[in-house]
Structures are given as structure tokens and as C-alpha cells.
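Colleague: Fold the following.
(4 chains)
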Number of protein chains: 2
Amino acid sequence: MPTTPKEGEAGKQAALDALRAALMAGDVVPGQRLVEAELADTFGVTRASMRAALIDLTADGLVERIPHRGARVRVVSIEEAVAITECRMVLEGLCAFKAAEKVTDDQIDELRELAARLQAAVDDGESMKYSELNRELHRTVREISGQTVASELLERLRAQIVRHQFRLAMRAGRPHVSLPEHLAIIDAIARRDPVAAEQAARAHLRSVITALRETEN
Amino acid sequence: MPTTPKEGEAGKQAALDALRAALMAGDVVPGQRLVEAELADTFGVTRASMRAALIDLTADGLVERIPHRGARVRVVSIEEAVAITECRMVLEGLCAFKAAEKVTDDQIDELRELAARLQAAVDDGESMKYSELNRELHRTVREISGQTVASELLERLRAQIVRHQFRLAMRAGRPHVSLPEHLAIIDAIARRDPVAAEQAARAHLRSVITALRETEN
DNA sequence: GTCGACAAAATTGTTGACAATCTCGTATGG
DNA sequence: CCATACGAGATTGTCAACAATTTTGTCGAC
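Modeller: Below is the predicted model of the structure:
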């Protein structure tokens, strides 16, 4: 556990961030029991703070809490991951549509640069770098779209399936499939073609769903 | 305040339901301060229970909590309501699409009956009844679609704009506009035409957005 | 040998009091 | 007369102890 044992202050936020980071990083396996006192001790906060953090994470769908039975890391099945990605599909489509309507010249330059970096990462076979740029692209599109409501929903949904996303990113050859899809999104937004942008975003997520189903085990 | 002053037991749930109902019913004006002790006393629960309820409602986006400053009823601006409805547009489109794929014969009968009742409500000018059937239709479509993830998101979003929805439903002539849109959704699902169903659902929500913008004040 | 009941341990839920923080009215000085 | 500093009141945040509940382990009976 790479966490410096701080003291309890405005510890709730610290606890929340620490646990969330641990969840995201996969330092804690799905289904694992999350005992309040234990975690509170680990992160150096009071039990009340940790409790509040767990409640927050439950609202975010990352943790499952059963009355008098404690909290567990929520496990999302493949089917659930697919359903979540279907929601992402339409929401990212909306963002892409709006982004194509509102994009500025400066932002187009930014996107073009991102496209070049994505291409470079694939050429060099740096899948980690690619995956990071991938997230940056999606974030940039959401930012350009100005759809804060959709953005929040997407962020929530993404957090729930980070494990599946990670597995997907590890698949050999996956970048070669998704790169042209990403470039198509960028291109459509740069051309200021909302309909094409939405279609491209949807097509990309549809491809992600197909790939997700293939990882079934 | 039509609430029987119970005692504090599993009072959190009671507090949550009570406050949520009050929010939905509009018994409490937007922007109003929500003092923990005061509400706890009103609903006959402990402050801890009320606090937990407020935290839950904050996660649902119904109230706003500022550290050391308390909770207020969140006010959603027209622009925010539009953004929320845009998200609803694509999500309900997804549900309609899936519903058209999975609908059973029995469910088609159910939808057709609902259509008749909607028509009847409009003919009789019962806008309250119509609005209620409206909600039932949307709920039925979500149910048929089996998209639990999208359903939850939609439920959250709807709760945030119930006030605006109410204002909309009160507008004279609104039912005459939305009825054919609703019938189109039902028809497309009954024909098992996913693409048409999605288009119909989107068109309906697009119309809602237009109407929302017109209520600007 | 297995099933059921009972008791002990572990864990979560709740309560009440206290501390920290913010708001607002009031007084003081320029 | 206005601005600023101060302080009382009100409100939220935190904590530690206690109560309620579930789980686990053990014993005895069939």
C-alpha cells in the first residue's frame, strides 16, 4: 500500500481520494471486503471519515454497501460493462456533435496535434502512451463540447469500467483498430460536421463494445 | 407539511423519502436553505439521519452542499435543463432502440393500450392525467429496453428537472404537440424498427427542448 | 458424521456532545 | 459617513463511546 499515513484532519477528502485512487489503480481486487476500521487505519483517518468516503464511492457506483454487512468493491460483469459502454456511446456521440458545432480554430489545431501524437504512439508501439492519449482525446472532446452534464455522466461511467478498459488496452493489435476510429472523430470535428462526428464517435464505441464482448471469459 | 412526526429509527430512509417527496412536490422553493437540525425536527428524525439523507440527495444532484455553509435546494437554470434534456434525448433514444429490438407481443399490446389512453386523455383535456401517462410511457419503454444503466441515469436526470417539466406540462396546447410524437415512438417500437424508434424518441425530446427554451423568462 | 442451536467475536450503525467555521450585527476609528 | 475589526449567535463537522447486527466457531444431539 503506497500511502503515507497522514493524520486525521479534513481527512474525509484524503480518504476519498486515496481509496478512489486505489480502486482505479486496481490495488484492490473486485469483490474484496472493505472494512471501515481497517481502511481508516491504513489511510490514517478516522472511521467516520472513511465511512463518509465509502458512502460517496457507493453513490459513484464504485463500491457496494449492504446494511450491516459492510462494503465491497463492486464487480461489474461483462454484460454490465457493455450496457455502460452503450450509454457512453450515445453520450459521447452527443458531445462529439456539440463539439463539431462549437469548436474554435485553436481547438482544431489542438486536436490535430493530438492526432499526430496518437499516430506516433501507435507507430512506436507504445500502448501505454496511446491509452493515455486516448483518455486525453475523449476529455478534450468533452471539454470542447461544453456539455458539463454529459461530461459528469461520462466520467462516472468511465470510472466504473476502468478495469475492463485496462484489459482492453492490453490486447495486442487493439490500438491499430481504434486509431483510425479516433482519427475519424477528430477529422469530423475539425471539418465542423456534427452528424459525421456523432456517427464517428458512435462507431468507435460500437467497436469498443464488440472488443469487450470478445474478452468474455 | 403532511408528515407524521415519527421517531428516529431507520429514520434515514424516512428522512430521505420525505425530503425527496417534498423536493419533487415543490413544497420547498429552489435556493431555500436546508438547515439540518430544523429539517430533522420537522420530519421527526435525528440530525445524523437527516444529514445522511442530504448527502444522498446531493449525490442525486437535487441539493447543493457547501462545506460549513449548509445545504440548499439546487436551482437548475434553463440552460442546465436544456443540457440535461439533451442527455435524456440520446439516452431515451438508446432505450427506444433497444426496446424495439426486444419488445414482446404482450408488451406491444401494453403499449397500444397506453397509446389509446394517452389519446383519450388529450381528447378529454385532462392534462394532469396525460402527464401521468406520459411518465408511465417513458418508464415502460425503459423497462422493455432492459437497459438498467441507462434507466438509472435517466431517473436521476428527470428528478433534477421535475420543476421545469411541470411548468411545461402546464402550458396549454402542449399535449397536442407531444401526443403525435409519443404515438410515433410507440408505433416504431411496435413495428420493431429500432432506428425509427430512436429517431422518434430523439425528435420528441428535441421538441421538449424547443418548448423549454420558449418558457425562458 | 452431519445438522442445528448457542455463544463469542468482529463489524457496522447510531447517538450525543464538543470543536471548528461561517454569518451578521455592532462598535470603533479614520 | 464609510470602512474595518470584533464578537455573539447559529450552523456544520468531527469524534469517541455505545448499541445493534451479522458472522464465525464450538458444542451437543440425532
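Colleague: what comes into contact with the least confident helix or strand in chain A by mean pLDDT?
Modeller: Ranking every helix and strand in chain A by mean pLDDT, DSSP states H and E puts helix A:11-25 at the bottom, with a mean of 79. The contact list for helix A:11-25 (C-beta atoms under 8 Å, 6 or more residues apart in numbering or on different chains) reads A:1, A:3, A:6, A:28, A:34, A:39-40, A:43-46, A:48-50, A:52-54, A:56-57, A:62-63, A:73, A:159, A:162. Any C-beta I mention is one placed from the backbone N, CA and C, and that applies to glycine too.
Colleague: What of stretch A:120-135?
Modeller: Applying C-beta under 8 Å, 6+ apart, the contact partners of stretch A:120-135 are A:114, A:117, A:118, A:169, A:170, A:174, A:175, A:176, A:178, A:179, A:182.
Colleague: Looking at those, which one is closest to residue B:209?
Modeller: Proximity of the contacts of stretch A:120-135 to residue B:209 (C-beta to C-beta) peaks at residue A:182, which lies at 29.3 Å.
Colleague: Was I right to think the closest one contacts residue A:204?
Modeller: Yes - here residue A:182 reaches residue A:204: they are 6.7 Å apart, a contact under C-beta atoms under 8 Å.
Colleague: What segments of chain A are helices?
Modeller: Using DSSP state H, the helices found in chain A span residues A:11-25, A:36-43, A:47-59, A:78-102, A:105-123, A:127-145, A:148-160, A:162-170, A:174-190, A:194-214.
Colleague: what packs against the last one?
Modeller: This points to helix A:194-214. helix A:78-102, helix A:162-170, helix A:174-190 (3 or more C-beta pairs under 8 Å, 6 or more residues apart in numbering or on different chains; DSSP states H and E).
Colleague: So which bits of the longest one are buried?
Modeller: Spelled out, it's helix A:78-102. Within helix A:78-102, the residues scored as buried using 16 or more other C-beta atoms under 10 Å in any protein chain shown are A:80-100.
Colleague: for the spatially most central residue of chain A, what are its contacts?
Modeller: Centroid check for chain A by C-alpha atoms, centre = their mean gives residue A:158 as the closest residue, at 3.2 Å. Going by C-beta under 8 Å, 6+ apart, residue A:158 touches A:88, A:165.
Colleague: which residues sit against stretch A:50-65?
Modeller: Looking at what lies outside stretch A:50-65 - C-beta under 8 Å, 6+ apart - the contacts are A:12, A:15-16, A:19-20, A:23, A:34, A:36, A:39-40, A:43, A:71-74, A:156, A:159-160, B:52, B:55-56, B:59.
Colleague: any idea how far it is from the chain center?
Modeller: The chain centroid and the centroid of stretch A:50-65 are separated by 17 Å, computed with C-alpha atoms, centre = their mean, to the nearest Å.
Colleague: Just the CA trace of stretch A:52-67, in CSV.
Modeller: Taking C-alpha atoms only, stretch A:52-67 is exported to CSV below (Å, rounded to 0.1, in the frame of the first residue of the first chain):
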residue,chain,number,x,y,z
ALA,A,52,-18.2,9.1,4.5
ALA,A,53,-15.8,8.3,1.8
LEU,A,54,-17.3,4.8,1.3
ILE,A,55,-20.8,6.3,1.1
ASP,A,56,-19.5,8.8,-1.6
LEU,A,57,-18.0,6.0,-3.6
THR,A,58,-21.2,4.0,-3.3
ALA,A,59,-23.0,6.9,-4.9
ASP,A,60,-20.4,6.8,-7.7
GLY,A,61,-21.1,3.1,-8.3
LEU,A,62,-17.6,2.0,-7.4
VAL,A,63,-18.5,0.4,-4.1
GLU,A,64,-21.4,-1.7,-3.0
ARG,A,65,-22.7,-1.4,0.5
ILE,A,66,-25.0,-3.8,2.2
PRO,A,67,-26.6,-2.8,5.5
